[in-house]
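[1] Would you be able to build a 3D model of this:
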Amino acid sequence: MDISRTRSTAPGRTPAEPQRPTDAKRLRRIRDRIDREYAKPLDVTALARGANMPAGLLSRAFRATYGQSPYAYLTARRMDRATLLLRGDLGVDAVCSAVGCATPGIFVTRFAELVGVTPEAFRTLASDSAGAGIEGMPVCVAQRVARAVRNREAPAPARPLA
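    As a prediction, this is how the structure comes out:
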């Protein structure tokens with residue numbers, strides 16, 4: 001039995017159809033809200049409520065449009081900001097609370113997952129290569145270069161088996 005055809009979609013609409021303009025506007029507003037309020041405690045339910053959409057629909061539409069879930073996008077924005085703050089004088093705990101992470105443990109884990117090194121190691125690397133940093137680049141180029149990467153493109157170092 002082929003169950004792929006039993007999954008229902010909206011009447012007259014296939015999953016490959018482009019989104020309506022109103023859906024694109026809503027998703028853009030949600031993405032902009034995440035960019036503005038990344039330091040606040042945001043969750044998919046609150047974002048969906050603000051856009052008058054069901055949470056499941058928001059997650060599916062956001063992933064289809066931007067290639068990642070709203071939570072993954074929020075986490076990436078927080079880590080982008082954290083990389084900039086770690087280049088300054090703030091400690092890891094201060095950066096953790098400044099970017100809206102609940103605990104330092106979660107922050108360190110997510111940072112290492114996305115950036116590939118721990119926050120302390122990143123700070124050391126950033127201070128060692130201070131002359132070759134992003135300071136002299138235009139902002140649009142610096143954001144692309146310093147952007148946190150997801151989807152296992154920056155794998156964590158392998159741990160030896162004991």
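[2] Give me the secondary structure label for residue 52.
    coil (DSSP: H, G, I helix; E, B strand; the rest coil).
[3] What about it, how many residues nearby?
    7 (other Cβ atoms under 10 Å). C-beta: built from backbone N, CA, C; applies to glycine.
[4] got a list of what it touches?
    By Cβ atoms under 8 Å, 6 or more residues apart in numbering, the contact set of residue 52 is empty.
[5] How much space separates it from residue 37?
    Plainly put, residue 52 is 18 Å away from residue 37 if you go by Cβ to Cβ, to the nearest Å.
[6] Equivalent analysis for residue 60, please.
    In terms of Cβ to Cβ, residue 60 sits 22 Å off from residue 37.
[7] Need the per-residue pLDDT for the nearest residue to residue 117 once chain neighbours are set aside.
    Leaving aside its chain neighbours, residue 117 sits nearest to residue 125 (6.8 Å; criterion: Cβ to Cβ, 6 or more residues apart in numbering). In this model, residue 125 is scored at 84, pLDDT.
[8] residue ranges with poor pLDDT in this protein?
    1-21, 129-162 (pLDDT under 70).
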